[in-house]
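Colleague: make a model of this:
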Amino acid sequence: MVIIRCKKGRFVSPRPIGSIICRKTGKEYRNYIKIKEETEDGLFNYQLYARYLMEKKLNRELNSKEIVHHKNKITTDDREENLELKTNGEHTSHHKKGIKPIKAIEESRKYYKKRREKYIVDIIGLYQKGWSIRKITKHIPFHRDTITKIIKEEK
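Modeller: This next block holds a predicted model:
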């Protein structure tokens, strides 16, 4: 069974192009559509709907290095003709407007390194005040593994 859901977790009715409308509130969303699939053991898997459609089209699972790109940049437009499969490098260079993939990846690394350096002092300060890693994660926009790594490096 496949249920289409919006970012807030409420049920939605899909529109062919542009947006999705929440059945519960009537609010319009312009986010990626996620689906919820029930497994044989009663658990649920969440997946981006565009990836789900591409897997069905290709009759295979996509690996983590494959990205489903929306050609018209409307993330809720999951029509087959609007979706295209790209590698990480191809996708990055596409959005960097013609920069070679290696250079685009280097620029991305520089950006995240600067961003990380900006928050190191805050993360260490909060940790020394007794904040838990989970609480720091809610306050600072980093994954808990990154915060844990920063704390271990500073010790």
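Colleague: which residues are in contact with stretch 114-125?
Modeller: 136, 140, 142, 146-147, 150-151, 154 (CB atoms under 8 Å, 6 or more residues apart in numbering). Where you see a C-beta, it was placed from the backbone N, CA and C, and this is true even at glycine.
Colleague: tell me the buried residues in stretch 115-134?
Modeller: 119, 123-124, 126-127, 131 (16 or more other CB atoms under 10 Å).
Colleague: from these, which ones fall inside helices?
Modeller: Judged by DSSP state H, the buried residues of stretch 115-134 include 119, 123-124, 126-127 as members of helices.
Colleague: farthest pair within those?
Modeller: Farthest pair in those (CB to CB) is 119 and 127. Separation: 11.8 Å.
Colleague: now residue 145: how far from residue 58?
Modeller: Counting by CB to CB, to the nearest Å, the gap from residue 145 to residue 58 is 31 Å.
Colleague: so residue 62 is in contact with residue 68, correct?
Modeller: Yes. Residue 62 is within contact range of residue 68, at 7.4 Å (criterion: CB atoms under 8 Å).
Colleague: the helix or strand in which residue 51 is found packs against which elements?
Modeller: Using DSSP states H and E, residue 51 falls within helix 49-58. Packing contacts for helix 49-58, counted by 3 or more CB pairs under 8 Å, 6 or more residues apart in numbering; DSSP states H and E, involve strand 34-38, strand 66-70, strand 83-87.
Colleague: all helices for this protein, in order.
Modeller: 49-58, 88-95, 101-128, 133-139, 144-154.
Colleague: can you redo the ones you listed as TSV with mean pLDDT?
Modeller: Formatted as TSV, the helices of the chain follow (pLDDT from 0 to 100):
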stretch	mean pLDDT
helix 49-58	86
helix 88-95	79
helix 101-128	83
helix 133-139	86
helix 144-154	87
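Colleague: in the helix holding residue 51, what's buried?
Modeller: Per 16+ other CB under 10 Å, helix 49-58 contains these buried residues: 49-54.
Colleague: save the ones in helices among the buried residues of stretch 115-134 as TSV, and put in distance to residue 96 too.
Modeller: TSV is the format used below for those (distance: CB to CB, whole Å):
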residue	distance to residue 96
119	24
123	29
124	33
126	34
127	35
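Colleague: quick check: residue 82 vs residue 72, distance?
Modeller: 6 Å.
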